[in-house]
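Engineer: Based on what follows, work out the 3D shape:
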Amino acid sequence: MGLPMLVLGFVLWLAVTLAALAVTLTASAVLGYATVAVSGRLPLWARITLLAVLAAASSAAWVSALGFWAIWRPAALALPFLTAVTSGAAFLAREAHKRRAPRIPASAWPAHRPPFAGR
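Structural biologist: Take a look at the predicted model:
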């Protein structure tokens, strides 16, 4: 009777850990995306600085709130920080791509070939 209870306890612990990890990473991704989306009128250097500071503060808050052991502390700090920064950088890249003008304008008639004017 001891082994099935041990396996059940491990599975339950693993499920709770994965759910907590999903909640933490989702909240961090939303924080990074929202930080960059809301700070649209600031210059780029200020937006990047704000994103890095809020991501670091968020990861430190998660670590202090959850009270991780010393061996898990670097991973607990790095995962929310990297998730928030990656999400914010993805929003910045998408915004930069939308602002960039197309290099070759799309033709009005894709199948139309202009007459040869070389003679």
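Engineer: Could you measure from the spatially most central residue of the chain over to W109?
Structural biologist: For the chain, the residue lying nearest the average C-alpha position, counting by Cα atoms, centre = their mean, turns out to be S87 (2.2 Å). In this view, S87 and W109 are 41 Å apart by Cβ to Cβ, to the nearest Å. C-beta: built from backbone N, CA, C; applies to glycine.
Engineer: what sits against L54?
Structural biologist: L54 makes contacts with 31-32, 35, 84, as judged by Cβ atoms under 8 Å, 6 or more residues apart in numbering.
Engineer: would TSV of those with neighbour count be doable?
Structural biologist: Formatted as TSV, the entries for the contacts of L54 read as follows, by neighbours: other Cβ atoms under 10 Å:
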residue	neighbour count
L31	21
G32	28
T35	22
A84	29
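Engineer: Tell me which two of those sit farthest apart.
Structural biologist: In the contacts of L54, the most distant members under the criterion Cβ to Cβ are T35 and A84, with 7.6 Å between them.
Engineer: joint contacts of the two?
Structural biologist: Taking Cβ under 8 Å, 6+ apart as the contact criterion, the residues that touch both T35 and A84 are 51, 54-55.
Engineer: Between those residues, which sits nearest A19?
Structural biologist: Taking Cβ to Cβ as the measure, A55 is the one of these closest to A19, at 22.1 Å.
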